[in-house]
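> Fold the following.
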Amino acid sequence: MLAIALPLLPWRAFLRDRRLQLAGVTVVGAIAAASFLDHRAYSGAEWQRYLAVDEVSVKVVDFGAINALKQRPEIPARHGLSMNDVDLFHHYFVVDPHIADPATWRRMLEELDLPPLRRGGVSAGIAALKSVLHPTILPLALAGALLAVFAGSWRAAVAWATCLGILFGIGMLGRPGVLRVYVPLFSLLLVAPLLEGGRSRNARQWAIIAALCAGLAFNAHRLIPEVSDSARMVHRAQKDLARLPPGTIVTWAEAFPYEYAYPVLADTRALRNVRIYSIEPWTYAPFMLAVAEENAGRGVIERLRGGEGMELVAPGGWMPLLDGYCRQRLGGSFQSSPIGGFESMELQRVRCGV
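Numbering: from 1, shown residues only. Modelled structure (predicted):
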């Protein structure tokens, strides 16, 4: 974001205007203070387990090391992990300390020895550029590109070249198509051409207005149906939430519809008594219910081996992974029975009988 904004900043004014200089120093100081407080907040002993697992899961899942590891199954085998274990970790099944041992994963990644720019490669860089055509980004990108052409701004042109170069580089590092990162970048590029130019209503100005209106119409055409679909999903999720069985519900990764069950502006106080034990990257964060349950001897593995099993929200396609885990790690027989009547989630009762 900073690199893209650099050619757009008023450098001449900054060099002579003390107020701008003071504002710049204030911003830099605020960033430094925020970084220091963030580091202190996560430096406690209670965060170390989460941070250690997160460090390796980012490399394995987000930056694509999992693909290279699957091509060399002898590496996990040397460290006592099956390919089912590798797939479980890829799906954030971090509740088994043997499967989610950070030291083991670090050693495997060292053996894999992926050079940074070979994790994704040129094809991933191209994929990152192609993701600009995604419906979420395309209206911003098209409107911004048209505005840059009509405005004839060299600053905007440099910002565009910098942005595309950065996206290509991040793709080569193994992280293409992260749309939530792209939105603020292309929002800045949309605004960039508007930072220059006079107020006269010449043909160029009218072309800029037309481009903005076209982008608005295109985006509205995409978003208005999404609003209706989201309203239906909110209704289904909240109805399902009210029907969940009492007690703790275990959810796996992104299988639970959080954003629909608890929309920002809705009054969901009556639905907040559901205890959600989440298996995900944040499982070991100290504020998670999972930490309290595991400390009390009611972790996922204990629940899975218990006589009644546990209620689990997870995609049905992931059940073979649990089946393999039950057989390989717990030496038991896996049982799974769907609990019907839910529209927004797949709820099942699962158990690993010994």
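> could you say what helices and strands the longest helix seen in the chain packs with?
Criterion DSSP state H: the longest helix present in the chain is helix 203-243. Using 3 or more C-beta pairs under 8 Å, 6 or more residues apart in numbering; DSSP states H and E as the contact test, the elements touching helix 203-243 are helix 138-151, helix 258-261. In short, each C-beta sits where N, CA and C put it, glycine included.
> What ranges does the stretch 1-150 of the chain have for its helices?
Secondary structure of the stretch 1-150 of the chain (DSSP state H, counting those that start in this stretch): helices at 2-5, 11-16, 18-41, 48-57, 65-70, 74-78, 83-90, 102-112, 121-130, 138-151.
> Buried residues, stretch 7-15. List them.
Within stretch 7-15, the residues scored as buried using 16 or more other C-beta atoms under 10 Å are 7-8.
> How about residues contacting that stretch?
By C-beta atoms under 8 Å, 6 or more residues apart in numbering, the residues outside stretch 7-15 that reach it are 20-21, 24, 155-156, 158-159, 162, 188, 192, 195.
> One more pass at 10 Å, please.
Identification of contacts with stretch 7-15 by C-beta atoms under 10 Å, 6 or more residues apart in numbering yields 2, 17, 19-21, 23-24, 153-162, 188-189, 191-193, 195-196.
> circling back: save the helices and strands packed on helix 203-243 as a markdown table, and put in mean neighbour count too.
Formatted as a markdown table, these follow (neighbours: other C-beta atoms under 10 Å):
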| stretch | mean neighbour count |
| --- | --- |
| helix 138-151 | 21 |
| helix 258-261 | 18 |
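> Reformat those helices as JSON lines; add mean pLDDT and distance to Arg12.
Shown next, in JSON lines, are those (pLDDT from 0 to 100; distance: least, C-beta to C-beta, whole Å):
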{"stretch": "helix 138-151", "mean pLDDT": "86", "distance to Arg12": "19"}
{"stretch": "helix 258-261", "mean pLDDT": "89", "distance to Arg12": "45"}
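> Minimum distance to Leu112: which of the ones you listed has it?
Among the helices and strands packed on helix 203-243, the nearest to Leu112 by C-beta to C-beta is helix 258-261 (33.3 Å).
> packing partners for that closest one?
Counting contacts by 3 or more C-beta pairs under 10 Å, 6 or more residues apart in numbering; DSSP states H and E, helix 258-261 is packed against helix 203-243, strand 275-279.
> ranking these by burial, who's on top?
Most buried of those, by mean neighbour count (mean count of other C-beta atoms under 10 Å): strand 275-279, with a mean of 20.
> For that one, what is the distance to the chain centroid?
Relative to the centre of its chain, strand 275-279 is centred 18 Å away, using C-alpha atoms, centre = their mean, to the nearest Å.
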